[in-house]
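**Student:** sequence unavailable; structure follows:
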């Protein structure tokens, strides 16, 4: 019997929004504003956006028991 881990929806939503916002801000600074950034920072920014989207998806689809 597997137990599913539950996230606090408010805290999870805040973390998801912060990670998506920060990652998007860094990518915006590089691609739109023309700021030069190292490749590892761009990869990390993309990973933060993906993880934030994953956390947001988990929070939105968790069932209330």
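**Tutor:** Yes, it's here. Please read these numbers as outputs of a predicted model, since none were measured by experiment.
**Student:** give the rounded mean pLDDT of stretch 15-33.
**Tutor:** Mean pLDDT, computed over stretch 15-33, is 94.
**Student:** buried set for it?
**Tutor:** By 16 or more other CB atoms under 10 Å, the buried positions in stretch 15-33 come out as 15, 16, 19, 20, 23, 26, 27, 30. For glycine as for every other residue, the C-beta is placed from the backbone atoms N, C-alpha and C.
**Student:** and stretch 34-52, by the same measure?
**Tutor:** Using 16+ other CB under 10 Å as the test for burial, stretch 34-52 gives 45, 48, 49, 52.
**Student:** which residues touch it?
**Tutor:** Stretch 34-52 has contacts (CB atoms under 8 Å, 6 or more residues apart in numbering) with 15-20, 22-24, 26-27, 29-30.
**Student:** if we use 6 Å, what do you get?
**Tutor:** 16, 19, 20, 23, 26, 27, 29, 30 (CB atoms under 6 Å, 6 or more residues apart in numbering).
**Student:** quick one: classify the residue nearest in space to the middle of the chain as helix, strand or coil.
**Tutor:** Closest residue to the average C-alpha location of the chain: residue 52 at 1.6 Å, with CA atoms, centre = their mean. Under DSSP: H, G, I helix; E, B strand; the rest coil, residue 52 falls in the helix class.
**Student:** same thing with residue 6?
**Tutor:** Assigned with three-state DSSP, residue 6 falls in the coil class.
**Student:** distance of the residue nearest to it when sequence neighbours are not counted from residue 41?
**Tutor:** With sequence-adjacent residues excluded and distances taken as CB to CB, 6 or more residues apart in numbering, residue 6 is closest to residue 62, at 6.1 Å. Distance, residue 62 to residue 41, using CB to CB, to the nearest Å: 32 Å.
**Student:** what is the nearest of the contacts of stretch 34-52 to residue 10?
**Tutor:** residue 16 (10.9 Å; CB to CB).
**Student:** returning to that earlier point: and the residue nearest to residue 6, its phi and psi?
**Tutor:** Phi and psi for residue 62, reported as degrees, to the nearest 10, are phi -70, psi 140.
**Student:** number of nearby residues for it?
**Tutor:** Residue 62 is flanked by 14 other residues according to other CB atoms under 10 Å.
**Student:** alright, that wraps it up for me.
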